[in-house]
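In: I need the structure of the sequence given here:
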Amino acid sequence: MQFDIDGANAYAYTGGKAFDPALPAVVFIHGAQNDHSVWALQSRYLAHHGYAVLAVDLPGHGRSAGPALQRVEAMADWVIALMRAAGVRRALLAGHSMGSLIALEASRGAPGMVAGLALLGTTYPMKVADALLETARTDEQAAIDMVNIWSHSSIAHKPSCPGPGFSVMGGARRLMQRMSARNPDQLFYTDFAACNSYAGGEAAAGAVRCPSLFVFGSKDVMTPPRSTKLLTGTIAHGKIVTVDAGHQMMAEAPDAVLEALAGFAASIPFAEIQETP
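Out: Numbers count the residues shown, from 1 in each chain. Okay, here's the model as predicted:
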């Protein structure tokens, strides 16, 4: 589905169903150097089970025109603008990694539009190692390799992966390479720098009043569960689900992530409009 946001083309995948803003809405927000396709199973399932789905491509990613935005706050404003353009009054925001920060910040910017928050592979502060940040700036392909080694729980994945011959690491690496080919203007560095510099997470978390879900990977070394105490302590009412996966949990444990998201979505009072402070 195409939108015009501030004069630029914006794309959101609707899960294979025509988008109906009258339905309870779920907005999926991807992480660094990714696009909407990382939510393939979860977005398509919910779209076929009673939800209006928007799995966005952030500016400069996938099918959305660039340039990539340099601040989490600007990305959150863009997501809110896309929701309004789609006619969405209230939605569950589900964000992975960088996308989790965007969802969190959007909930501070437009609390009346956010029915619930699902934060996957999240932490705050989301600091990026100096070596990785510099490699992303100077050698994006090497940074892609580094991230794919760190983001997955193992090189040899179990037989429960989505299909015979399916390469979780290879698929993630190829997606990042495709993002580089579509937007060669230091996309990875821009995303990482935005995560690294975001300073509003604690204040945004303190303002959260909507139902919240944390999904952590037990083998995640990018945003390890032990690093999340500031967020989970501040959003004390948030439910925590741990899946057997690394950082790229939607690919490594797709069914477990879907189960967590679908159960959480079913519990949200989408029609209950909150007043914006």
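In: Once you drop chain neighbours, what's closest to L117?
Out: Nearest residue to L117, sequence neighbours excluded (CB to CB, 6 or more residues apart in numbering): S212, at 4.6 Å. Every residue, glycine included, has its C-beta placed from N, CA and C.
In: can you tell me the helix or strand for Q177?
Out: Q177 belongs to helix 168-182 when assigned by DSSP states H and E.
In: could you give the angle of the helix or strand following that helix to helix 168-182?
Out: Next helix or strand after helix 168-182 toward the C-terminus (DSSP H and E): helix 187-197. Counting by axes from the mean of the first three to the mean of the last three CA atoms, to 10 degrees, helix 187-197 lies at 100 degrees to helix 168-182.
In: what does helix 187-197 rub up against?
Out: Outside helix 187-197, the residues that touch it by CB atoms under 8 Å, 6 or more residues apart in numbering are 31-33, 60-61, 68-72, 75, 97-98, 101, 126-128, 132-133, 136-137, 140, 143-144, 176, 179-180.
In: pLDDT averaged over the next helix or strand after it - what is it?
Out: Per DSSP H and E, helix 187-197 leads on to helix 201-206 as the next helix or strand towards the C-terminus. For helix 201-206, mean pLDDT is 98.
In: Now do the buried residues in helix 201-206.
Out: Neighbour-count burial for helix 201-206, counted by 16 or more other CB atoms under 10 Å, picks out 201, 204-205.
In: between those residues, which is nearest V38?
Out: G201 (21.6 Å; CB to CB).
In: For K127, see how far away that closest one is.
Out: G201 sits at a distance of 11 Å from K127 (criterion: CB to CB, to the nearest Å).
In: where does the stretch 1-150 of the chain dip in pLDDT?
Out: Within the stretch 1-150 of the chain, no range satisfies pLDDT under 70.
In: Please enumerate the helices of this protein.
Out: 40-47, 72-85, 98-109, 130-138, 140-151, 168-182, 187-197, 201-206, 229-234, 249-252, 254-266 (DSSP state H).
In: Among those helices, which comes closest to T122?
Out: helix 98-109 (3.7 Å).
In: Need the residues that contact the closest one.
Out: If you take CB under 8 Å, 6+ apart as the criterion, helix 98-109 is touched by 27-32, 58, 72-73, 75-77, 79-80, 93-95, 113-114, 117-122, 124, 126, 191, 194-195, 198, 200-201, 203-205, 207-208, 210.
In: Kindly write the PyMOL command that selects the buried subset of the contacts of helix 187-197.
Out: Buried subset of those, written as a PyMOL selection, criterion 16+ other CB under 10 Å:
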select buried, resi 31+32+33+60+61+68+69+72+75+97+98+101+126+128+132+133+136+140+143+144+176+179+180
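In: re earlier: how about the helices of the chain in JSON lines, adding distance to K17?
Out: Listed next are the helices of the chain as JSON lines, based on distance: least, CB to CB, whole Å:
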{"stretch": "helix 40-47", "distance to K17": "4"}
{"stretch": "helix 72-85", "distance to K17": "18"}
{"stretch": "helix 98-109", "distance to K17": "22"}
{"stretch": "helix 130-138", "distance to K17": "36"}
{"stretch": "helix 140-151", "distance to K17": "30"}
{"stretch": "helix 168-182", "distance to K17": "23"}
{"stretch": "helix 187-197", "distance to K17": "29"}
{"stretch": "helix 201-206", "distance to K17": "31"}
{"stretch": "helix 229-234", "distance to K17": "32"}
{"stretch": "helix 249-252", "distance to K17": "19"}
{"stretch": "helix 254-266", "distance to K17": "15"}
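In: looking at those helices, which is buried most?
Out: Most buried of the helices of the chain by mean neighbour count (mean count of other CB atoms under 10 Å) is helix 249-252; its value is a mean of 28.
In: by contact count, what packs against that helix?
Out: In terms of contacts (3 or more CB pairs under 8 Å, 6 or more residues apart in numbering; DSSP states H and E), helix 249-252 is packed against helix 168-182, strand 212-217, helix 254-266.
In: Cool, thanks, talk later.
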